[in-house]
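>>> With the sequence up front, the predicted model follows.
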Amino acid sequence: MSQKVVVIYSGGMDSYTVLNKAIRQGFEVYALSFDYGQRHVKELKVAASVCAELGISHKVVDISAINQLIGGSSLTDDIDVPEGHYEEESMKSTVVPNRNMILLSLAVGYAVSLKANKVFYGAHSGDHAIYPDCRPEFVKKMDDVCRIANYEEVEIVSPYLNNTKIEILTDGLSMGLDYSKTWTCYNGREKACGKCGACQERLEAFELNKAHDPLAYESN
């Protein structure tokens with residue numbers, strides 16, 4: 001019997017690559033997505049579609065009530081999403097306070113209930129400067145805590161922690177993944193805006209991999 005693992009799956013290209021990597025490594029994957037009130041809720045529909053196609057377990061959990069306590073992010077509040085390249089100062093407005101600690105804590109609880117001993121998530125080096133909860137020191141300390149928080153030890157796994165989005169895409173393309181089945185844009189419109197930092201970083205990753213981005217953009 002294969003080992004059960006939980007994958008925090010947003011529907012974006014990083015977590016899509018992590019999800020497929022875990023499947024290819026032979027794990028029995030339980031995908032977990034969160035509705036935290038993000039304006040780009042379209043990513044959850046993309047995630048559900050992918051999991052249905054792959055035939056894997058998928059839960060979408062509504063935790064939007066947390067916005068009564070945390071706010072100030074352009075991803076959840078009525079604040080314009082910044083445009084332009086992924087620069088630290090402009091992109092700080094997209095930080096959702098304590099998001100990954102909350103998501104990881106819930107995912108670990110789910111893992112314990114499943115008798116799974118690993119939780120995967122898609123932190124990577126391109127996010128280190130902007131998102132404190134994607135830094136190696138955060139992942140290390142969360143891993144330490146999650147190994148002792150329950151009777152059962154749960155490991156936090158971030159396979160691309162020291163890789164750039166460019167390198168993540170390189171790996172995904174080598175696996176033959178179809179990135180039309182992902183959503184990256186921070187704006188939740190019909191097409192990707194092509195202007196926000198997330199879109200800019202994605203487009204750059206495809207360009208540097210000399211690959212075509214299959215998503216439709218408003219500027220196309």
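Structure's in. What do you need?
>>> Excluding sequence neighbours, find me the nearest residue to residue 133.
Spatially, and ignoring its direct neighbours in sequence, residue 133 is nearest to residue 100 (3.6 Å; C-beta to C-beta, 6 or more residues apart in numbering). For every residue, glycine as well, the C-beta is placed using N, CA and C.
>>> ok, then the element right after the helix or strand where the one you found lies?
Taking DSSP states H and E as the definition, residue 100 sits inside helix 99-114. Downstream of helix 99-114, the first helix or strand assigned by DSSP H and E is strand 118-120.
>>> contact partners of that next one?
3, 5-8, 18-19, 22, 27, 104, 107-108, 111, 146, 154-159 (C-beta atoms under 8 Å, 6 or more residues apart in numbering).
>>> Equivalent analysis for stretch 13-22, please.
Counting by C-beta under 8 Å, 6+ apart, 5, 7-9, 29, 31, 50, 120-122, 124, 159-160, 165, 168-169, 171-172, 175, 177, 179, 181-182, 184, 202, 205 sit against stretch 13-22.
>>> Can you say which of those are buried?
Buried by 16 or more other C-beta atoms under 10 Å: 5, 7-9, 29, 31, 50, 120-122, 124, 159-160, 165, 168-169, 171-172, 177, 179, 181-182, 184, 202, 205, out of the contacts of stretch 13-22.
>>> Please name the nearest non-neighbouring residue to residue 45.
According to C-beta to C-beta, 6+ apart, the nearest residue to residue 45 is residue 11 (7.6 Å).
>>> Would you quantify the distance from the one you found to residue 43?
Distance, residue 11 to residue 43, using C-beta to C-beta, to the nearest Å: 3 Å.
>>> who's more crowded, the two?
residue 11 (26 against 23; other C-beta atoms under 10 Å).
>>> how about that one, what does it touch?
So residue 11 contacts 33, 42-47, 50, 182-183 (C-beta under 8 Å, 6+ apart).
>>> List buried residues within the residues you listed.
By 16+ other C-beta under 10 Å, the contacts of residue 11 give 33, 42-44, 46-47, 50, 182-183 as buried.
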